[in-house]
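Chemist: Predicted model follows, preceded by the sequence.
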Amino acid sequence: MTANKRIALSSDHAAIELRQTIANHIKAQGWEPVDIGPTTPESTHYPKHGQAAAELVASGDCALGIILCGTGQGIMMAANKVPGIRCGVCSDTFSAGMIRAHNNANMLSIGARVVGEGLALDIVDAYLATEFEGGRHATRVDMIES
């Protein structure tokens, strides 16, 4: 587990409530949520929210990031444009663990219109509980980064 316990959180308008639930959930586990919004339900553009959270992670200000939109796909694509970011969309706990174990993903994306609250929290828990395995996977992560 990283010494930096800060997790960047962001979403578009479709996922505000789930994002806030996740923030409370991770805070109860000792993480420091850095919730950068939005806070109002007016339509907003997910690319700017994905990029903003990714920049906090890439800079080292936050160790990890959790981002959400309707499907999780668009905001993930925006985050992955930031150098140093490895973000995956997960709608199951197995994938959430594997993106950490094998891909050293530093960001998780969730579709608020795809999974319910209970599953979303289980996905977050699986993601946060899993450590990068290194070894042969480190070679592959290096290939992604180059």
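Modeler: Received it, and whenever you're ready, just let me know what you need. Residues are numbered from 1 along each chain as shown.

Chemist: Let me see the mean pLDDT of stretch 11-31.
Modeler: Taken as a whole, stretch 11-31 has an average pLDDT of 97.

Chemist: Can you tell me what sits against it?
Modeler: The contact list for stretch 11-31, computed with Cβ atoms under 8 Å, 6 or more residues apart in numbering, reads 5-7, 9-10, 33, 35, 38-46, 49, 66-70, 75, 110, 112-113, 117, 120-121, 124, 128. For glycine as for every other residue, the C-beta is placed from the backbone atoms N, C-alpha and C.

Chemist: Just the ones of those in helices?
Modeler: Those of the contacts of stretch 11-31 mapping onto helices are 46, 49, 75, 117, 120-121, 124, 128, per DSSP state H.

Chemist: so how far is the helix or strand that contains Arg140 off the chain centroid?
Modeler: Using DSSP states H and E, Arg140 maps to helix 136-145. Relative to its parent chain, helix 136-145 has a centroid offset of 20 Å by Cα atoms, centre = their mean, to the nearest Å.

Chemist: Can you give the contact residues for stretch 77-88?
Modeler: By Cβ under 8 Å, 6+ apart, the surrounding residues in contact with stretch 77-88 are 46-51, 53-55, 57-58, 65, 67, 76, 95, 99, 103-109, 141, 144-145.

Chemist: rewinding a little: ranking the ones in helices among the contacts of stretch 11-31 by neighbours, who comes first?
Modeler: Neighbour tally across the ones in helices among the contacts of stretch 11-31 (other Cβ atoms under 10 Å): the maximum, 33 neighbours, falls on Ile75.

Chemist: Might you report the residue contacts of the nearest residue to Asp122 once chain neighbours are set aside?
Modeler: With Cβ to Cβ, 6 or more residues apart in numbering as the criterion, Asp122 has its nearest non-adjacent residue at 5.3 Å, and that residue is Thr93. Thr93 sits next to 119, 122-123, 125-126 when contact means Cβ under 8 Å, 6+ apart.

Chemist: Having no further points to raise, I will conclude here.
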